[in-house]
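Visitor: turn this into a structure:
(one chain, ligands or ions: 1)
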Amino acid sequence: MMRESLDTFISPVQRASIRASIAEARTLPRQAFTSEAFFALEQERIFNTQWLALCFAQQLPQPGCLLPLEFAGIPLLVVHGDDGKLRVFHNIVPYDGCLAVIGTPADVPSDITTPYHGWRYDLRGKLIAIPFWDGNAQGDLAALRGRCGDLVEIPSQTELGILFINLNGKADPFDVAIQPLRHILSDYRTDDLAIGQDEDGQPLIDTSENLATNWKTHYENWAINVLHEGFTHEIYAESPQIPRVNTTGEKTYVEHMDGSLMALSYRERDFAETYELDEVPFTHLGIDPEHLPEHAYIGSLFPNLHFAAFPYFIHFIIALPVSAGQTLTLRAQLYDAASAANPDYLEERLGILADFQQAGQEDGRITEAVQKARRSPAFEQQFYAPFWDRMHYNFSNQVLDVLENTDKE
Ligand SMILES: [Fe+2]
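Guide: Purely as a prediction, here's the structure:
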């Protein structure tokens, strides 16, 4: 029966076309990008079952910080505990079914008082008071007769300053899921990074990007579409090094496909004219203090974390799917911690942020245009450029793999 529901959206013929060799293959069908019912299927089979990037840990800098947010419409609450640990809960009170926290509080509270009936929770999600619930001002917890009133916690882990969650608690162990990212960044110092600070010492987290596009269209554009760079982005328009192919038709980049991670890498010195990174004052992120990291990476970790690792900083994008046609992003650059805070480097940090905002707008214009174009009945599926699109092809198959694997459960 579950199988039939996938067939509703991707017919067996279409599925075979996605699985065909890249020269013959077709992309996921347009319904996979436009249908809210398909988005609900993705919620059940992809977002529910994978480790998801949720937010930056620095969004909750101190004990008592509360951050209500949503992932694909599911209300969640991140809490910085009195023990220093970040925890993620379903944002619902078991008794009254209301959000436990509606908006981010202006002050940092010492406990959580819920808005509808005043239930109180400690900063680890444990119910501590139910005033008047049994008619008495003090409210006796025993009146619940063993029913659990605590907030429901979701497994979470923090890595590289990013908070990850697994909604159904059945994903592969986090160490397995994150290993490809750790591996590809193994030439980078990642133990003492911080988000670049603004003039008030606050982390520069860009939450402004609200794209009228599907999360997969965003994914397909960021790292795994290499050919678009010179056509879409101003910084690449004049570069003789873009597109990333030499005069004899060989790629000047390397594709990495390692489980849930896909990335392109290039040697820094081969692209020095394009990126002009030698003028920045930051402490570089090379493991060896004598040498910059030799390679830069632009990549994605399935299903919703994107990154660009450059010698002096790592840019991260957390993509939060909202609906079939809407995706929010959280974006920040992580620097060596001292460089992130140094007021003398503020102008450079703001310049890098602005560069990424411009590139984000250029990509946003395109990914929104793809979303609009997919309303067209003229094509059910697209085809690939075998030279450039192996990672895109791999992504389509990866999405199908997860949808089919969870079908068997
Ligand atoms: Fe782009």
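Visitor: what's next to stretch 350-367, contact-wise?
Guide: Stretch 350-367 is touched from outside by 196, 198, 204, 206, 208-209, 211, 213, 217-218, 221-222, 228, 232-235, 313, 315, 329, 331, 333, with contacts defined as CB atoms under 8 Å, 6 or more residues apart in numbering. For the C-beta atoms, the positions are set from N, CA and C on the backbone; glycine is no exception.
Visitor: the same query, at a cut-off of 7 Å, please.
Guide: 204, 206, 209, 211, 213, 217-218, 221, 228, 232-234, 313, 315, 331, 333 (CB atoms under 7 Å, 6 or more residues apart in numbering).
Visitor: and those residues, which of them are in helices?
Guide: 217-218, 221, 232, 234 (DSSP state H).
Visitor: restricted to buried residues, select these in ChimeraX.
Guide: Per 16 or more other CB atoms under 10 Å, the buried members of the ones in helices among the contacts of stretch 350-367 correspond to this ChimeraX selection:
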select :217,218,221,232
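Visitor: pick the one among the ones in helices among the contacts of stretch 350-367 closest to residue 149.
Guide: residue 218 (38.6 Å; CB to CB).
Visitor: how close does the closest one sit to residue 331?
Guide: Using CB to CB, to the nearest Å, we find residue 218 at a distance of 12 Å from residue 331.
Visitor: likewise residue 305?
Guide: For residue 305, the distance to residue 331 equals 11 Å [CB to CB].
Visitor: report the set of residues contacting both of those two.
Guide: With CB under 7 Å, 6+ apart as the test, residue 305 and residue 331 both reach residue 316.
Visitor: ok, the two, which is more surrounded?
Guide: residue 305 (25 against 21; other CB atoms under 10 Å).
Visitor: spatially nearest residue to that one (excluding sequence neighbours)?
Guide: residue 53 (4.0 Å; CB to CB, 6 or more residues apart in numbering).
Visitor: how about residue 316?
Guide: Take residue 316 and drop its neighbours on the chain: the residue closest to it by CB to CB, 6+ apart is residue 307, 5.2 Å away.
Visitor: what do you get for residue 15?
Guide: Using CB to CB, 6+ apart, the closest residue to residue 15 is residue 400 (6.7 Å).
Visitor: same check on residue 174?
Guide: Nearest residue to residue 174 in three dimensions, chain neighbours excluded: residue 157, at 4.4 Å (CB to CB, 6+ apart).
Visitor: what strand or helix carries that neighbour?
Guide: Here residue 157, judged by DSSP states H and E, is contained in strand 156-159.
Visitor: same for that strand, what does it pack against?
Guide: Applying 3 or more CB pairs under 7 Å, 6 or more residues apart in numbering; DSSP states H and E, we find strand 156-159 packed against strand 86-90, strand 162-165.
Visitor: which residues of the chain score low on pLDDT?
Guide: 1-4, 277-278, 407-409 (pLDDT under 70).
Visitor: so what's the residue count around the residue nearest to residue 174?
Guide: Neighbour tally, residue 157, other CB under 10 Å: 17.
Visitor: contact partners for residue 232?
Guide: 362-363, 366.
Visitor: contacts for the strand or helix carrying the residue nearest to residue 305?
Guide: Assessed by DSSP H and E, residue 53 sits inside strand 52-56. Strand 52-56 is contacted by residues 67, 69, 71, 78, 88, 161-165, 195, 205, 303-305, 318, 330, 332 when judged by CB under 7 Å, 6+ apart.
Visitor: neighbouring strands - and their directions - for that strand?
Guide: strand 162-165 (antiparallel) (DSSP bridges).
Visitor: contacts for the strand it pairs with?
Guide: Counting by CB under 7 Å, 6+ apart, 51-57, 78, 86, 88, 154-157, 174, 305, 316, 318 sit against strand 162-165.
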